[in-house]
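Novice: Just a sequence and a predicted model for now, questions to come.
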Amino acid sequence: AGVVDGGRTGLTAITVGLWFALSIPFAPLFSQIPPLASAPILCFVGAMMMTSLAGIQWGDVEEGLPAFVTLVTIPFTYNIAYGIIAGGSLWILIQVSLIPFRLWHRVDPLLKFKLLFAEPSPSLEESFFRCSYANILYPSSNIRKSKRALDLATDDAQQEIPATV
């Protein structure tokens, strides 16, 4: 939803704002609905949100640990904001603590911070693959193999396919 599905111009925000404005007169009516009636829908929405957890790289401690802390903190504190603050703070702490390690291996110490605000580009993605810690510590890792496979697949896709008559 939102930006991922194309809501980039601001028209989405204006439309949602108009719908919220139209719903104001119905607020007393909606407040009469007991929480017991809305609980099953919230469970269904939560289950649908869990499908995005498959996209998290759980094997990467830099990304998986803050995500786990966020997921665990939200239900224990009954507050989404506290969970986001805990996960974000842990991510920043991990990134700052890895700066000496990155400098030792002659990798840009602010690479992950730059990736947050950068436009997606092939050169930036390539530098991320090149600077991956699995590639530094384990040169024959699957990440290099998957990068080579991705390069080969891209080269094959870029070759012209002869037209059949």
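Specialist: Great, that's in hand.
Novice: pLDDT of stretch 51-65, averaged?
Specialist: What stretch 51-65 shows for mean pLDDT is 86.
Novice: which residues sit against that stretch?
Specialist: Applying CB atoms under 8 Å, 6 or more residues apart in numbering, the contact partners of stretch 51-65 are 67-68, 71, 90-91, 94-95, 98, 112. Quick note: C-beta positions are derived from backbone N, CA and C, even for glycine.
Novice: Out of those residues, list just those in strands.
Specialist: The strands, defined by DSSP state E, take in nothing from those.
Novice: From the residues you listed, which one has the minimum pLDDT?
Specialist: Minimum confidence in the contacts of stretch 51-65 sits at Lys112, scoring 78.
Novice: Can you report how many residues lie near Trp91?
Specialist: Using other CB atoms under 10 Å, Trp91 has 19 other residues around it.
Novice: I'd guessed it sits against Phe68; true?
Specialist: No: in this structure Trp91 lies outside contact range of Phe68 using CB atoms under 8 Å: 11.3 Å.
Novice: Spit out the contact partners of Trp91.
Specialist: Residues in contact with Trp91 (CB under 8 Å, 6+ apart) are 62-63, 66.
Novice: Is the residue nearest to Thr77 when sequence neighbours are not counted within a helix or a strand, and which one?
Specialist: If the residues on either side of it in the chain are set aside, Thr77 comes closest to Gly83, at 6.6 Å by CB to CB, 6 or more residues apart in numbering. For Gly83, the host element (DSSP states H and E) is helix 80-97.
Novice: In that helix, which residues are buried?
Specialist: For helix 80-97, the neighbour count (16 or more other CB atoms under 10 Å) marks 83, 86-87, 90-91, 95 as buried.
Novice: ok, then the element right after it?
Specialist: Toward the C-terminus, helix 80-97 is succeeded by helix 99-104 as the next helix or strand (DSSP H and E).
Novice: which other helices and strands contact that following helix?
Specialist: Here helix 99-104 touches no other helix or strand, going by 3 or more CB pairs under 8 Å, 6 or more residues apart in numbering; DSSP states H and E.
Novice: Pull out the buried positions in it.
Specialist: Neighbour counts over helix 99-104 (16+ other CB under 10 Å) mark Arg102 as buried.
Novice: what about stretch 100-117, start to end distance?
Specialist: With CA to CA, to the nearest Å as the measure, stretch 100-117 spans 22 Å from end to end.
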